[in-house]
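1. pasting the sequence and the predicted model now:
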Amino acid sequence: MGPPLAARLSRFLVGCYPRRWRQRFAAELLEVLDQHRPTARTVLNLWAGAVSAHLDPAWRAGRHPMIRLRRCAPVLAAVAAVLLVFAVGFGFLAWQDEQGNMGPPMPLSDGVFGMAFSPDGRTLASGYDDGEVVLWDAADPARVTRIATLTGQAGDITALAFSPGGHLLASASDGGTVALWDIVGPARITHLATLTLPPPASPAQPGPDVALSFSPDGQLLASANDDGMVVLWNVADPAQPARIATLHPNVPPAGPSGDVALAFSVGGHTLTMIVGSSTVTRFNVTGPGAVTRITTSTLSGIGAGPVAFSPGGRTVAGAPAAGDTLALSPLP
Amino acid sequence: MSEGLTGVHGKFDGLGRFADPSVLILTSLTDGPKHGYAIMTDVAAFSGVSMEPGTLYGALSRLERRGWVRPLATQERRRPYEITAAGQEVLAGQVAAMQQIVRVARQRTATAFGT
């Protein structure tokens, strides 16, 4: 806005003040404007001053207050329109910010029950206590955006796993189901199948913890409950998964704070499960339908809290349920 | 619109949010009557706050209505204002409150940053 235009608009806006206000102050104000170099800021400031003087009952004219206002209405409206454009712009930016925000839909403290990164590290899946799974584009950690929300599974999402190729997502809920999703394209995410887990051996256990692991070739999906039950599915055709084995080694179930973890070896021939942070069971997986238990051993010293395997299951990390130490232990 | 952010007093403009225009005007009038433009330049000089005419006259009209400033006779289209006894009392109260804030802020920043 050039100075002559700002000066002209400023003088015009002085005329937009209430009549009684102008009778008292207009001459002085115009004199000050002559000495001041008006800018766009001056214009906005006078506009705000005129509006607030009109709202002030002390300056309200005794009669026909709308006559003055009507003459000034186009200018007041034009400035209001400019402000509106700015407000909408800022609102849009804030909204875009919101889209990149990790916060919604639930606070992390009581909502997220499971998380997993895709093999290429570009997608993060988070599971919530209302059965929803949200996929996030995390390629740029500074600008995480929501790709999709997967709904329809009953219960709390307790575990998530991506297939090694990254095109399948398995989500386990404490309602005893595992859902398989085709996530190749964000635009066409489809629900492929729902697998039903056998009921836990100890029904008193509230919502069982579940661990999921795909075999390295992506043909098998294994799930383990915290009472040590392992189920294997053939997911070569993920739209028609077939249960191929249910194994229930007699292991002590995980305690209330205990965890269950599951990992295939790099070659895919061995499946390792750790229950209650101490009981390690190995299975030989020679092929679909040929799964046998190899050993069950006890591991000590990794605490009684959550556990996690390194890829391939050679090392296990554990944490005491309460405390701030972590323990790493190689597996035989 | 951006002049206030890049001008000479730009880095002090944030003060406008903390220092009420009424306090700045009353302070300016304490050492003698001044007309509108003189108040603006004086306030800018002692506080760094560049007050726009709309803000100045909005505040002046409220101060006059409350009886804290009094308009004097116009001289060459410029009207000087002087602070009243009531205005001096109000300013003293405001300054005391600000001093209390400054005192606590000094103590706490000294505790926090050792300055």
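-> Done, it's in. Note that the structure is a prediction, hence the values are computed from the model and not measured.

2. list the strands paired with the helix or strand containing A:Leu221, with their directions.
-> Using DSSP states H and E, the element containing A:Leu221 is strand A:220-225. Within its sheet, strand A:220-225 is paired with strand A:210-214 (antiparallel), strand A:230-234 (antiparallel), according to DSSP bridges.

3. pLDDT on the last one, on average?
-> Across strand A:230-234, the average pLDDT comes to 89.

4. dump it to PDB, restricted to CA.
-> The C-alpha trace of strand A:230-234 is given here as PDB (Å, rounded to 0.1, in the frame of the first residue of the first chain):
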ATOM      1  CA  VAL A 230       1.300 -70.400  19.000                       C
ATOM      2  CA  VAL A 231      -0.800 -70.400  15.900                       C
ATOM      3  CA  LEU A 232       0.600 -70.500  12.400                       C
ATOM      4  CA  TRP A 233      -1.300 -69.500   9.300                       C
ATOM      5  CA  ASN A 234      -0.400 -69.900   5.600                       C
END
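
5. show me what the lengthiest helix in chain B is packed against.
-> Looking across chain B with DSSP state H, the single longest helix is helix B:85-113. With contacts taken as 3 or more Cβ pairs under 8 Å, 6 or more residues apart in numbering or on different chains; DSSP states H and E, helix B:85-113 sits against helix B:21-29. C-beta: built from backbone N, CA, C; applies to glycine.

6. which helices and strands does the next helix-or-strand element following the helix it packs on pack with?
-> Downstream of helix B:21-29, the first helix or strand assigned by DSSP H and E is strand B:34-35. Applying 3+ Cβ pairs under 8 Å, 6+ apart, one finds that strand B:34-35 contacts strand B:80-83.

7. can you pull the buried residues of the strand it packs on?
-> B:80-81, B:83 (16 or more other Cβ atoms under 10 Å in any protein chain shown).

8. could you pull out the strands in the stretch 151-300 of chain A for me?
-> A:157-162, A:168-173, A:177-182, A:190-196, A:210-214, A:220-225, A:230-234, A:242-247, A:260-264, A:270-275, A:279-287, A:290-298 (DSSP state E, counting those that start in this stretch).

9. what does the stretch 1-150 of chain A give?
-> A:112-117, A:123-128, A:133-137, A:145-150.

10. quick one: mean pLDDT over the first one.
-> Meaning strand A:112-117. 78.

11. and the longest helix of chain B, how far out from the chain's middle?
-> Offset of helix B:85-113 from its chain centre (Cα atoms, centre = their mean, to the nearest Å): 15 Å.

12. quick check: residues of chain B near chain A?
-> B:1, B:3-4, B:35-37, B:40, B:52-58, B:60-61, B:65, B:74, B:77-79 (Cβ under 8 Å from any Cβ of the partner chain).

13. B:Tyr57: what's it in contact with?
-> A:25, A:28-29, A:32, A:49, B:36 (Cβ atoms under 8 Å, 6 or more residues apart in numbering or on different chains).

14. and A:Phe264, bridged to which residues?
-> A:Leu271.

15. of the contacts of B:Tyr57, closest to A:Asp182?
-> Among the contacts of B:Tyr57, A:Gly49 lies closest to A:Asp182 (Cβ to Cβ), at 61.6 Å.

16. does the nearest residue to that closest one once chain neighbours are set aside belong to a helix, a strand or coil?
-> Using Cβ to Cβ, 6 or more residues apart in numbering or on different chains and skipping the chain neighbours, the partner closest in space to A:Gly49 is B:Gly54 (3.5 Å). At B:Gly54 the chain is in helix, as set by DSSP: H, G, I helix; E, B strand; the rest coil.

17. mind checking how far the nearest residue to A:Arg314 once chain neighbours are set aside is from chain B?
-> Of all residues not flanking A:Arg314 in the chain, A:Leu331 sits nearest, at 6.1 Å (Cβ to Cβ, 6+ apart). To chain B, A:Leu331 is 50 Å away according to Cβ to the nearest Cβ, to the nearest Å.

18. got it, and A:Asn45?
-> A:Asn45 is 4 Å from chain B, by Cβ to the nearest Cβ.

19. next one: A:Phe86
-> A:Phe86 sits at a distance of 10 Å from chain B (criterion: Cβ to the nearest Cβ).

20. pull the number of nearby residues for that residue.
-> Using other Cβ atoms under 10 Å in any protein chain shown, A:Phe86 has 10 neighbouring residues.

21. centroid residue for chain B?
-> B:Leu24 (0.7 Å; Cα atoms, centre = their mean).

22. who's in contact with the closest residue to A:His269 other than its chain neighbours?
-> Distances taken as Cβ to Cβ, 6+ apart put A:Val285 closest to A:His269, at 5.7 Å, once the chain neighbours are dropped. Listed by Cβ under 8 Å, 6+ apart, the contact partners of A:Val285 are A:215, A:220, A:232, A:264, A:268-271, A:291.

23. ranking by neighbours, what's the top pick from those residues?
-> Neighbour max across the contacts of A:Val285 (other Cβ under 10 Å) = A:Leu271, 26 neighbours.

24. can you report how many residues lie near B:Glu89?
-> Neighbour number of B:Glu89 under other Cβ under 10 Å is 11.
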